[in-house]
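Engineer: Turn this into a structure:
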Amino acid sequence: GPCVDAVKTLEEAGIKTRVVSMPSQDVFLEQSEEYQKSVLPGNIPTLSVEASATNGWHRFSHAQIGMTRFGLSGAGKDVFSAFGFTDANVASKGKELVEFYKKVGSVPDLSNCPT
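Structural biologist: Model (predicted):
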């Protein structure tokens, strides 16, 4: 998919990248805090990519790629492209995110927020 394909581009740019699959936010939140931090430390630039709404992903990622409006009709490949679900867009957004936090000087720890 686009995330796995984007890894090569990001790593060629010197950005260490890891893809994590989270099919269920609820199941992830049921896991121990130790496990959650081992998967998503919270203090490294994290981009979520969801072929649906971005709702809820702010708890796990600093930026999101997802549908922010109602759907679109067309060929699957064209619709995915229109919503930014391409390896080029994922790589671009990932690079922008890393560069932003390099400029800012620190990455906010998402696991250090009130629930």
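Engineer: And stretch 74-85, end to end?
Structural biologist: 15 Å (Cα to Cα, to the nearest Å).
Engineer: which helices and strands sit right next to the longest strand along the chain?
Structural biologist: In the chain, with assignment by DSSP state E, the single longest strand is strand 47-53. Counting by 3 or more Cβ pairs under 8 Å, 6 or more residues apart in numbering; DSSP states H and E, the packing neighbours recorded for strand 47-53 are strand 63-67, helix 87-104. C-beta here means a position set from N, CA and C on the backbone, and glycine is covered the same way.
Engineer: Can you list the low-confidence ranges for this protein?
Structural biologist: 115 (pLDDT under 70).
Engineer: 80 instead?
Structural biologist: 71, 113-115 (pLDDT under 80).
Engineer: picking that back up, which residues sit against the longest strand of the chain?
Structural biologist: With contact meaning Cβ atoms under 8 Å, 6 or more residues apart in numbering, strand 47-53 is reached by 2-3, 54, 57, 60-68, 80, 83, 85, 90, 93-94, 97.
Engineer: Need the winner for burial among the helices and strands packed on strand 47-53.
Structural biologist: strand 63-67 (a mean of 19; mean count of other Cβ atoms under 10 Å).
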